[in-house]
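> I would like to see how this sequence folds:
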Amino acid sequence: MSHGDYLEQLTYLLFLKMADEQTKPPISKPSTIPKGFDWQSLLPEKGAELEEQYRHILESLGKEPGMLGVIFRKSQNRIQDPAKLRRLIDLINGETWIGLDIDVKGAIYEGLLEKNAEDVKGGAGQYFTPRPLIRAMVEVTRPRPGETIFDPACGTGGFLLAAYDYVEKKYPLDKEQKRVLRYETLGGMDVVDGVVRLCVMNLYLHGIGGEESPIEVGDSLLKNPSKHYNLVLTNPPFGKKSSITIINGDGKADRESLTYNRQDFSATTSNKQLNFLQHVRTLLEINGRAAIVVPDNVLFEGGAGETVRRKLLQGCDVHTLLRLPTGVFYAQGVKANVLFFDKKPASERPWTDKLWIYDLRTNKHFTLKTNPLKFEDLQDFIKCYNPENRHQREESERFKAFSYEELVRRDKASLDIFWLKDESLEDSDNLPAPEVLAAEIVESLETALSEFQAIYEELGERKQ
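I've put the predicted structure just below:
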């Protein structure tokens with residue numbers, strides 16, 4: 001079994017066991033799971049009968065409403081050997097999971113999610129943002145009690161959990177505030193069923209969410225939002241194009257660009273990243289805050305890219321850009337940044353006054369295994385950001401301010417700005433270690449390959 005499949009099966013079984021524990025004293029809640037499809041129905045079975053009962057449970061619960069339906073939607077048994085399924089059930093049954101501290105349960109599951117993300121072939125890394133980066137983004141955006149927080153590409157729920165954790169530990173909350181934080185504060189969406197399942201379970205194990213799932217399965221970009229939020233934190237999936245696969249009459253698969261025609265967007269494009277940036281803006285309440293991870297092409301691309309940037313600088317206070325180093329994401333071949341902005345009411349005068357850029361990329365070298373990004377590596381950025389009062393900032397070697405006038409005068413209003421000298425270009429003694437160099441070369445080649453792929457697809461579309 002792949003690590004992803006194992007984690008999925010563990011999710012189904014853990015959920016059933018914890019739901020069963022809640023029906024017993026001292027909690028004694030009525031069961032949310034129909035009789036005959038619950039944990040107790042698995043315990044007496046062995047062999048083929050166990051396999052059949054497990055399959056029935058997965059099929060039936062996937063049709064239920066609320067959180068049950070989200071966890072078990074399109075679920076399948078991937079454990080081919082009934083003896084192994086029996087062993088896993090016995091192991092889970094030997095523990096009282098509800099009694100385990102929430103931090104312990106959460107940490108166990110988060111550890112499994114990270115292990116899953118490391119499985120490069122499985123592609124799960126694209127749904128997992130490095131936790132030190134998430135923590136730094138939450139630290140500077142400072143969620144507050146009573147605010148609503150949303151992630152339109154929530155993956156396994158890292159941003160939502162970090163925001164929850166921050167509010168819970170930072171503020172003395174009364175009983176009602178705790179209830180609101182647990183059940184009414186967080187929301188998210190993701191297009192992949194299996195990922196939403198992991199996210200909902202991750203939140204559930206941390207004590208978040210009630211009978212209704214706080215996370216939806218769906219394409220965030222399809223329509224303009226009916227609800228708006230105080231804070232949006234997100235790392236949309238990497239990959240330039242939005243596309244769908246169509247099987248033609250000969251049985252061959254064709255990829256077709258997907259363009260979202262939304263009235264609330266300032267530019268129509270098939271570039272997924274630009275669409276997410278526009279979508280995040282529409283998700284925000286007036287004076288709402290956003291922190292979004294974007295690849296470099298969003299900073300400099302012409303056409304729709306330039307339109308989106310100019311509209312964003314005009315209609316929002318785009319105040320901070322964090323240039324991230326390479327080698328920090330599980331999805332390879334990515335040069336990324338974090339863009340921080342506040343949505344503002346309509347005005348003839350541009351809302352962006354200065355964009356402050358922090359360069360954490362030049363002369364910084366990280367790898368996932370030997371030198372991973374740590375929270376300490378982001379401390380100087382947090383200090384320079386000055387979350388207590390971001391209107392009082394000071395320039396430093398890595399932190400510079402650029403006025404609105406400077407930005408809009410640049411070619412295509414490009415925000416792709418750097419000023420530090422790359423020491424390795426001037427002095428071979430400053431070259432990073434061979435494994436770091438190799439990782440950076442792989443990353444650059446994969447970036448180039450994805451760019452060529454996008455051009456190839458575009459040429460194919462024009463030909464048609």
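
> measure the closest residue to Tyr171 other than its chain neighbours to Ala291 for me?
Closest residue to Tyr171 apart from its sequence neighbours, by CB to CB, 6 or more residues apart in numbering: Pro145 at 5.3 Å. C-betas here are computed from N, CA, C, even on glycine. Computed as CB to CB, to the nearest Å, the Pro145 to Ala291 distance reads 19 Å.

> does the residue nearest to Tyr171 count as helix, strand or coil?
Secondary structure assignment for Pro145 (DSSP: H, G, I helix; E, B strand; the rest coil): coil.

> now do Ile292
Quick answer, by three-state DSSP: Ile292 is strand.

> Could I get the contacting residues of Ala290?
231-234, 280-281, 283-284, 339-343 (CB atoms under 8 Å, 6 or more residues apart in numbering).

> I'd like these written out as CSV, with neighbour count, pLDDT and distance to Thr370 added.
Listed next are the contacts of Ala290 as CSV, based on neighbours: other CB atoms under 10 Å; pLDDT from 0 to 100; distance: CB to CB, whole Å:
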residue, neighbour count, pLDDT, distance to Thr370
Leu231, 24, 98, 34
Val232, 28, 98, 34
Leu233, 29, 98, 29
Thr234, 26, 97, 29
Val280, 28, 97, 34
Arg281, 22, 97, 38
Leu283, 23, 97, 38
Leu284, 22, 97, 39
Leu339, 23, 98, 29
Phe340, 21, 98, 30
Phe341, 27, 98, 34
Asp342, 18, 98, 38
Lys343, 22, 97, 40
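
> Pick the one among the residues you listed closest to Leu198.
The closest of these to Leu198 turns out to be Thr234 (CB to CB; 16.8 Å).

> Regarding the closest one, what are the backbone dihedral angles?
phi -160, psi 150 (degrees, to the nearest 10).

> before we move on, back to that, which one of Pro145 and Ala291 has more residues nearby?
Neighbours of Pro145 and Ala291, each counted by other CB atoms under 10 Å, are more numerous for Ala291; the result is 23 against 17.

> Read off the pLDDT value for the closest residue to the more buried one other than its chain neighbours.
Spatial nearest neighbour of Ala291, excluding adjacent residues (CB to CB, 6+ apart): Met137 at 4.7 Å. We have a pLDDT of 97 for Met137.

> Quick check: the residue nearest to Tyr171 touching Pro172?
No. If you go by CB atoms under 8 Å, Pro145 and Pro172 don't touch, sitting 9.5 Å apart.

> Pull up the pairing partners for the helix or strand where Leu233 lies, direction included.
According to DSSP states H and E, Leu233 maps onto strand 229-234. The strands beside strand 229-234 in its sheet (DSSP bridges) come out as strand 149-151 (parallel), strand 284-295 (parallel).

> any chance of those strands in TSV, plus distance to Pro30?
Shown next, in TSV, are those (distance: least, CB to CB, whole Å):
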stretch	distance to Pro30
strand 149-151	30
strand 284-295	37
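
> tell me the most buried of these?
Highest mean neighbour count of these: strand 149-151, a mean of 28 (counted as mean count of other CB atoms under 10 Å).

> tell me the strands in the stretch 201-350 of the chain, going along the chain?
Under the criterion DSSP state E, counting those that start in this stretch, strands of the stretch 201-350 of the chain are mapped to 215-217, 229-234, 243-247, 253-257, 284-295, 316-323, 336-343.

> Mind listing what's buried along the first one?
Along strand 215-217, the positions that meet the burial threshold by neighbour count (16 or more other CB atoms under 10 Å) are Ile215, Val217.

> for stretch 376-389, same thing?
Neighbour-count burial for stretch 376-389 [16+ other CB under 10 Å]: Asp377, Leu378, Phe381, Ile382, Cys384, Tyr385.

> nearest to Trp356, of the contacts of Ala290?
Using CB to CB, the contacts of Ala290 come closest to Trp356 at Phe340, 9.0 Å.

> residues touching the nearest residue to the closest one once chain neighbours are set aside, list them.
Once flanking residues are discounted, Phe340 sits nearest to Thr320: 4.0 Å by CB to CB, 6+ apart. Going by CB under 8 Å, 6+ apart, Thr320 touches Val140, Leu339, Phe340, Leu355, Trp356, Ile357, Tyr358, Tyr385, Arg390.

> quick one: which of the residues you listed is nearest Lys24?
Val140 (43.5 Å).

> Please confirm that the closest one is located within a strand.
No. Secondary structure of Val140 (three-state DSSP): helix, not part of a strand.

> In contact with it, which residues?
Applying CB under 8 Å, 6+ apart, the residues near Val140 are Ala291, Thr320, Phe340, Phe381, Ile382, Tyr385, Pro387.

> Swap in 6 Å and give it another go.
By CB atoms under 6 Å, 6 or more residues apart in numbering, the residues touching Val140 are Ile382, Tyr385, Pro387.

> Return the helix or strand in this structure with minimum mean pLDDT.
strand 243-247 (a mean of 37; mean pLDDT, DSSP states H and E).

> who does the helix or strand hosting Met189 touch, helix- and strand-wise?
If you go by DSSP H and E, Met189 is part of strand 186-190. Here strand 186-190 touches strand 149-151, going by 3 or more CB pairs under 6 Å, 6 or more residues apart in numbering; DSSP states H and E.

> who touches the strand it packs on?
143, 159-160, 163, 185-188, 229, 231-234.

> switch the cut-off to 8 Å
So strand 149-151 is contacted by 143, 157, 159-160, 163, 185-189, 229-234, 283 (CB under 8 Å, 6+ apart).

> just stretch 190-202 next, same as before
4, 7-8, 11, 14-15, 67, 70-75, 106, 109-110, 113, 127, 153-157, 160-161, 188, 209, 213-220.

> Okay, now the unreliable bits of the stretch 51-200 of the chain?
98-103, 119-127 (pLDDT under 70).

> can we see that at 90?
64-71, 73, 80, 91-92, 94-131, 155-156, 192-195, 198 (pLDDT under 90).

> Just the helices from the stretch 51-200 of the chain, written as ranges.
Here the stretch 51-200 of the chain has its helices, by DSSP state H, counting those that start in this stretch, at 66-72, 82-93, 102-117, 131-141, 158-170, 175-183, 193-205.

> Same question for the third one: list its buried residues.
Neighbour counts over helix 102-117 (16+ other CB under 10 Å) mark Lys105, Gly106, Tyr109, Glu110, Leu112, Leu113, Glu114, Asn116, Ala117 as buried.

> Taking the residues you listed, tell me the two that lie furthest apart.
Lys105 and Ala117, at 19.0 Å, using CB to CB across the buried residues of helix 102-117.

> Check the separation of the first and last residues in stretch 394-409.
End-to-end distance of stretch 394-409: 24 Å, with CA to CA, to the nearest Å as the criterion.

> before we move on, what about stretch 25-43?
Start-to-end, stretch 25-43 (CA to CA) is 20 Å.

> From the chain's centroid, how far away is it?
In terms of CA atoms, centre = their mean, to the nearest Å, the centre of stretch 25-43 is found 32 Å from the chain centre.

> next one: stretch 323-330
That offset, for stretch 323-330, works out to 15 Å (CA atoms, centre = their mean).

> per-residue confidence averaged over that stretch?
84.

> Just the C-alphas of it, formatted as PDB.
C-alpha atoms of stretch 323-330 as PDB (Å, rounded to 0.1, in the frame of the first residue of the first chain):
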ATOM      1  CA  ARG A 323      10.500  36.300  -1.600                       C
ATOM      2  CA  LEU A 324      10.900  32.600  -0.600                       C
ATOM      3  CA  PRO A 325      14.100  30.600  -1.100                       C
ATOM      4  CA  THR A 326      14.100  27.500  -3.300                       C
ATOM      5  CA  GLY A 327      14.000  24.000  -1.800                       C
ATOM      6  CA  VAL A 328      11.300  24.600   0.800                       C
ATOM      7  CA  PHE A 329       8.300  23.000  -1.000                       C
ATOM      8  CA  TYR A 330       7.600  19.300  -1.500                       C
END
